[in-house]
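**Student:** no sequence for this one, just the structure:
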């Protein structure tokens, strides 16, 4: 049965089609805020355009961009402190723009403009010009740019087609002196390979004695030689280089810049470039080039060569050749057995003048079942480049780790901050490293599940040579930025952490305003003092400006949308409001929000966001419960409060909050923790725990008098859809369910799913029990059989939620005569995009819940 697109009631339609907030981008020197405005929802026509699906990526074969891109139709720059705005007129032939990239060392930026009615993007540049002397602004001197103006957008003539398939086609060198652009090779064929009638059978094999190669259920993988040929055709690029230090001028009759792009010789003929990393000095590029294909993993795990390009001598040096990476064990503590995380040391040249490459190696072969080597599972290495001979020194060990490497950041002084993790018990450590890699001290060892005790993460900011560094207000301190989770909800903070003495000390510099009600801990407040000026608002730290006093924050409340402000840590000067966005969904005005607390029958603390309609009269209402289960190893952490009840009440297309405007009670994000402490695995008792959590939620809502227990519905997206099917199968709590883009048969994802890292052969009973498909008969036998609405995108790309999942589950529901409906949305993926699709989704949900509402 096919159908045309339908639309929901007027109130839902208004809520689903609000004006989109502008996208915001900060300039490299933090003086300018860039506003770009995109359309709210694209038409289904955009999604219906041809796309290629190769090696785990989907792209537009004509534009050579990721498919389904939106383009901004306005471009406005606002000086942060003065508030002065300047609108940049888009090119006359522009359909819209994307990919704004600021020069890291100069007040200029580039962007791509989509040419109207053509499958082509053009490159444009804007520069900051001093009105008095027409000099281009260089922001290294920290001068105030509020009196300067931006040039009009001027086109950079490339005479080549840019290629965005594997990321933005252009990037600046670290020193800002060069602009690199990936383009289609000059000798590339004008048309893609022609599909043969047949190339013969597609054959894969496992050799005798081969290593184990488990893998998730990836989609869009290569299938045959024709796919390989297409991938080479569409992804092969050369790299052009523009010298940005040369004077860029345009003729009076032309809006094009007279710059001379030069081909980087090492790229001649083209490569499948996975990434380009510029050295801090700007002389070298570290390129990762795809060389070996696979039919079992996506392109990110294809074989590759890591090569070094010298932009002065035009020489190339092989750093490492890495085979296809299809042998990583399923455990989340596993990783590649090959060298990984290649990059340049951000501090640039050392005392000996050598630029350094860094990489990680798993000393246990990437398998946590193997024994560590000398107590270490991971190690980071450094490899210096001999500039004169253009050769590599032998790698030297920088630091060893007992657990798996999670990241390494540096300060400009060369000090390192290293993070390591252990998944099996959700533990993390943070270390301070000396410049030579030796461990100076451990800052903390903790469970990342415990949000209340989180110290935050080091604050980074762009520094020397365009690199991002951890900010040091003093030689012995750094800033820490965190969510500030607490029993009263999230209250983001900024701390300074001082490690100059034997005892590490943190001082709170800023924190989100305290709510009107609730107990506060003075030790976690600014200056250790309980604030007296308390308001029910939510604030978040965006960034600390280079003066280390000015901060940009966002502020919102339940009724006021998020806006941005400039403030001072020292409190000097008046606060400056940077933006003034209006309420995008006035139909939600009057809807009340409350963060509620209750317990599961085993004592686990639970929370939910309770929304009630405007002018609520106190009578029980039809109630929509919406959730997404999450796994934990600690029951106390599972019961911690998430988010803030003071954030702005608005509704994304996927949200259930719209229904409050239709008179429903909404129990959103009701906690469904699935806990497995110690050696216990969370999923071994998944059903029992989500049933206990849902029962507690319904009981609480009924006890509050806001929920009519005979008019309850439940729903969710993705894993929430999976949850919905289970709750209808194992309880009689709900009259109806809505499951969007879910998975219902875990035997179709046999090599792990969600946070489950055991295979079906290691946990057969768990996989079978966790498959809603296996419990359809039980659903049909419930005292109250809930009806099920299934919605799924026909082009779902998610590894665990192939459209077949909903089709097979619907067939099972049909077999048992359970009231159900399957809606397959043409051209849609895991998350829905098109205006027609989202309005039709709302229509289907509205019609499905009408019987619950009218009971």
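**Tutor:** Now that the structure is in, tell me what you want to look at. What you see is a predicted model, and the numbers here were worked out from it, not measured in a lab.

**Student:** residue ranges with poor pLDDT in the stretch 251-400 of the chain?
**Tutor:** 251-258, 349-353 (pLDDT under 70).

**Student:** doesn't residue 791 make contact with residue 810?
**Tutor:** No - Residue 810 sits out of contact with residue 791 when judged by C-beta atoms under 8 Å, with a separation of 10.8 Å. Every residue, glycine included, has its C-beta placed from N, CA and C.

**Student:** Of these two, which one has the most company?
**Tutor:** residue 791 (26 against 21; other C-beta atoms under 10 Å).

**Student:** Just checking: what are the partner strands of the helix or strand that the more buried one is a member of?
**Tutor:** Secondary structure assignment for residue 791, by DSSP states H and E: strand 787-793. Its sheet considered, strand 787-793 pairs with strand 736-740 (parallel), strand 820-825 (parallel) by DSSP bridges.

**Student:** gap between that strand and the chain center?
**Tutor:** 26 Å (C-alpha atoms, centre = their mean, to the nearest Å).

**Student:** Go ahead and name everything in contact with that strand.
**Tutor:** Identification of contacts with strand 787-793 by C-beta atoms under 8 Å, 6 or more residues apart in numbering yields 721, 724-725, 728, 735-742, 801, 803, 805-807, 809-810, 813, 818-825, 827-830, 832, 837, 841, 844-845, 848, 851.

**Student:** How many residues are close by residue 489?
**Tutor:** Neighbours of residue 489 (other C-beta under 10 Å): 21.

**Student:** correction: residue 456
**Tutor:** Per other C-beta under 10 Å, the neighbour tally for residue 456 reads 18.

**Student:** residue ranges with poor pLDDT in this structure?
**Tutor:** Checking the chain against pLDDT under 70 turns up 1-2, 130-143, 247-258, 349-353.

**Student:** So for the lengthiest strand in it, what gets flagged as buried?
**Tutor:** In the chain, assigned by DSSP state E, the strand with the most residues is strand 707-717. Within strand 707-717, the residues that count as buried by 16 or more other C-beta atoms under 10 Å are 707-708, 711-717.

**Student:** now do stretch 556-571
**Tutor:** Neighbour-count burial for stretch 556-571 [16+ other C-beta under 10 Å]: 556-558, 561-569.

**Student:** coming back round to it: right, and the strands paired with strand 787-793 - which one's nearest residue 293?
**Tutor:** Closest approach to residue 293 among the strands paired with strand 787-793 is made by strand 820-825 (31.6 Å; C-beta to C-beta).

**Student:** Same question for residue 15, what's its three-state structure.
**Tutor:** Put simply, residue 15 is helix when judged by DSSP: H, G, I helix; E, B strand; the rest coil.

**Student:** burial measure for residue 668, as a count.
**Tutor:** Counted with other C-beta under 10 Å, residue 668 comes out at 19.

**Student:** Looking at the buried residues of stretch 556-571, which is nearest residue 106?
**Tutor:** Among the buried residues of stretch 556-571, and counting by C-beta to C-beta, the member closest to residue 106 is residue 566, at 23.4 Å.

**Student:** ok, for that closest one, nearest residue in space, not its chain neighbours?
**Tutor:** residue 576 (4.2 Å; C-beta to C-beta, 6 or more residues apart in numbering).

**Student:** Give the pairing partners of the helix or strand residue 286 falls within; include direction for each.
**Tutor:** Using DSSP H and E, residue 286 sits in strand 284-292. Here strand 284-292 has these sheet partners by DSSP bridges: strand 271-278 (antiparallel), strand 303-310 (antiparallel).

**Student:** would CSV of the ones you listed with mean neighbour count and distance to residue 207 be doable?
**Tutor:** CSV is the format used below for these (neighbours: other C-beta atoms under 10 Å; distance: least, C-beta to C-beta, whole Å):
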stretch, mean neighbour count, distance to residue 207
strand 271-278, 20, 25
strand 303-310, 20, 16
